[in-house]
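>>> What would the 3D arrangement of this be:
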Amino acid sequence: MCERFQIVGSLLRPAELLEYKQQIEHRDDIQYPFYGDFQGYEQCEAKAIQTVVEQEKEHGLSILTDGEYSKSMWHLDFVWGFQGIERYIAPHGYFFRDIDGTSKYETRKDIGLRITGELGGKNHHFLQAYRQLQEHAGDWETKLCVPSPSHIFGELSWSDNLGGEGAVYQSRDELKAGLVRAYKDFVGEFAAAGGLILQFDDCLWELFADDNPNSPFTGEKINHEEVQSLATEFIDINNTIIDYGHSLGLKMWTHNCRGNYDSRNMGGGSYVKIANLFLKQLKYDRFFLEWDDERAGSLEALAVFKDRPETEIVLGLLSSKTNTLDDEERVLRMLDEASKIIPKERLLLSHQCGFASCDGGNELTQAEQWAKITQGQELARQYWA
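Numbers count the residues shown, from 1 in each chain. So this is what the prediction gives:
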């Protein structure tokens, strides 16, 4: 076991579990968490979680997750578990960049969110899933990964859920207040259930990087004051919940990436361009940052953490998108570069993202996934020996 190597959270699902997940994807006449809609699904999921937790232990991971086997997607299941939300199949999915870097790649379409009542986060199914993880983990540390408040605020506020006759929330401010209440409901019950580490995952930061050619917020005709104001709004809503988590004794972590679906990404944007916003101002205790290719830009962005001695940075120098082992020379060289900016005692190593942010997973086998995890462990042992 080397505590300097960590996983982001998700792992490839086994085939028998995917049979159920693939049925869920194509139906919106069913109710989350869908156990009552598919005979045997709950038992299959529980067995798969028990197995993957044992595999994590066998591979020397120091902080365990349930592989996110209890989710279909990295973010929307959490929202489906709120009171006041209805899930539906949308006309189209999200659009990622295909392998060629230019073509569009459409995701699954069950991404529609309809607000039907006041949002609430009490008695969330994720707590049942987390208690199951705790039981299997025993003495191992565990963490729970959920989408950041700002990410969900962004998705809901950019939809057709605001204003109009019959709308639950008439303005962004009303929606924000409702969402904060729902998150506080959940975070409070997570802490009461014995949770200690809560990780907020977030894919929106790079929208605000002016070197991101794939962002709607870049270009000469953009109102940069409005964009800056939106970024500040995102930071503030996250910090509100981070502060609340800290007040309950929780460690509050984050993971940021540029999209991870079927080994595709959503776009570019360097950390240097957003360092003084998201890296400097967000109050997380640990940042998992994606640095597996040139899109992330220079490691100089880490300099904003110099005056935050308690903050840890997990460098996602390895790739969960490929089925081959990573370039070890590159990883060790970049760790050396990073340690000239931030003491190596505050650095950790990971893949840039999970192996299955959505249940279909990236384009590699489970054997290849575990080989890449073993490589990460060995590199961490070598570097921090």
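>>> now what about the longest helix along the chain, what contacts it?
Ranked by residue count under DSSP state H, the longest helix found in the chain is helix 224-247. Helix 224-247 is contacted from outside by 148-150, 153-154, 176, 179-180, 183-184, 187-188, 191, 198, 200, 202, 204, 208, 217, 252, 274, 277-278, 281-284, using CB atoms under 8 Å, 6 or more residues apart in numbering. Where C-beta positions appear, they are placed from N, C-alpha and C, glycine not excepted.
>>> what about the helices in this structure?
Using DSSP H, helices in the chain cover 15-25, 41-58, 76-80, 125-137, 149-157, 172-192, 224-247, 280-281, 328-339, 366-384.
>>> what does the fourth one rub up against?
The reference is to helix 125-137. By CB under 8 Å, 6+ apart, helix 125-137 touches 32-33, 46, 49-50, 53-54, 64-66, 70, 77-78, 81, 142, 144, 146, 186, 189-190, 193-195.
>>> again, only this time at 7 Å
Contacting residues not belonging to helix 125-137 are listed as 32-33, 46, 49-50, 53, 64, 66, 70, 78, 81, 142, 144, 146, 189-190, 193-195 [CB atoms under 7 Å, 6 or more residues apart in numbering].
>>> lowest-confidence helix or strand of this structure?
strand 95-97 (a mean of 89; mean pLDDT, DSSP states H and E).
>>> returning to what we had before: using CSV, lay out the helices of the chain together with mean neighbour count and distance to Gly316.
What follows is those, written out as CSV (neighbours: other CB atoms under 10 Å; distance: least, CB to CB, whole Å):
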stretch, mean neighbour count, distance to Gly316
helix 15-25, 16, 25
helix 41-58, 17, 18
helix 76-80, 23, 22
helix 125-137, 18, 23
helix 149-157, 22, 18
helix 172-192, 18, 25
helix 224-247, 17, 19
helix 280-281, 15, 19
helix 328-339, 15, 11
helix 366-384, 18, 10
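>>> want to throw those into CSV with mean pLDDT?
Output for the helices of the chain, formatted as CSV (pLDDT from 0 to 100):
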stretch, mean pLDDT
helix 15-25, 97
helix 41-58, 98
helix 76-80, 98
helix 125-137, 98
helix 149-157, 95
helix 172-192, 98
helix 224-247, 95
helix 280-281, 98
helix 328-339, 98
helix 366-384, 98
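>>> Dump those helices into JSON lines; add distance to Cys257 as well.
Below are those laid out as JSON lines (distance: least, CB to CB, whole Å):
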{"stretch": "helix 15-25", "distance to Cys257": "21"}
{"stretch": "helix 41-58", "distance to Cys257": "21"}
{"stretch": "helix 76-80", "distance to Cys257": "16"}
{"stretch": "helix 125-137", "distance to Cys257": "21"}
{"stretch": "helix 149-157", "distance to Cys257": "12"}
{"stretch": "helix 172-192", "distance to Cys257": "21"}
{"stretch": "helix 224-247", "distance to Cys257": "16"}
{"stretch": "helix 280-281", "distance to Cys257": "19"}
{"stretch": "helix 328-339", "distance to Cys257": "17"}
{"stretch": "helix 366-384", "distance to Cys257": "16"}
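>>> Show me the one of those helices that comes nearest Ser319.
Set against Ser319 and scored by CB to CB, the helices of the chain come closest in helix 366-384, at 8.1 Å.
>>> what is the orientation angle of the longest helix of the chain with helix 172-192?
20 degrees (axes from the mean of the first three to the mean of the last three CA atoms, to 10 degrees).
>>> mind checking how far helix 224-247 is from the chain centre?
17 Å (CA atoms, centre = their mean, to the nearest Å).
>>> Return the alpha-carbon coordinates of that helix using CSV.
Extracted in CSV, the C-alpha atoms of helix 224-247 (Å, rounded to 0.1, in the frame of the first residue of the first chain):
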residue,chain,number,x,y,z
HIS,A,224,-16.0,39.2,-19.8
GLU,A,225,-17.4,40.9,-16.8
GLU,A,226,-20.5,38.7,-16.9
VAL,A,227,-18.3,35.6,-17.3
GLN,A,228,-16.2,36.6,-14.3
SER,A,229,-19.3,37.2,-12.3
LEU,A,230,-20.6,33.7,-13.1
ALA,A,231,-17.3,32.1,-12.1
THR,A,232,-17.4,34.0,-8.8
GLU,A,233,-21.0,32.8,-8.3
PHE,A,234,-19.9,29.2,-8.9
ILE,A,235,-17.0,29.6,-6.4
ASP,A,236,-19.3,31.1,-3.8
ILE,A,237,-21.9,28.4,-3.9
ASN,A,238,-19.2,25.7,-3.6
ASN,A,239,-17.5,27.5,-0.7
THR,A,240,-20.8,27.8,1.1
ILE,A,241,-21.1,24.0,1.2
ILE,A,242,-17.4,23.5,1.8
ASP,A,243,-17.6,25.7,4.9
TYR,A,244,-20.6,23.8,6.1
GLY,A,245,-18.8,20.5,5.6
HIS,A,246,-15.8,21.8,7.5
SER,A,247,-18.1,22.9,10.4
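>>> Okay, angle between that helix and helix 149-157 too, please.
Using the same axes, to 10 degrees, helix 224-247 lies at 130 degrees relative to helix 149-157.
>>> Endpoints of stretch 322-335, how far apart?
20 Å (CA to CA, to the nearest Å).
>>> hmm, back to that, what sits up against the least confident helix or strand of the chain?
By CB under 7 Å, 6+ apart, strand 95-97 touches 104-107, 259, 261, 264-267.
>>> Please convert the buried members of those into PyMOL selection syntax.
Listed next is the PyMOL selection for buried residues among the contacts of strand 95-97, using 16 or more other CB atoms under 10 Å:
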select buried, resi 105+107+259+261+264+265+266+267
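>>> Go ahead and confirm Gly9 touches Ala356.
No. Gly9 is beyond contact range of Ala356, at 9.4 Å (criterion: CB atoms under 7 Å).
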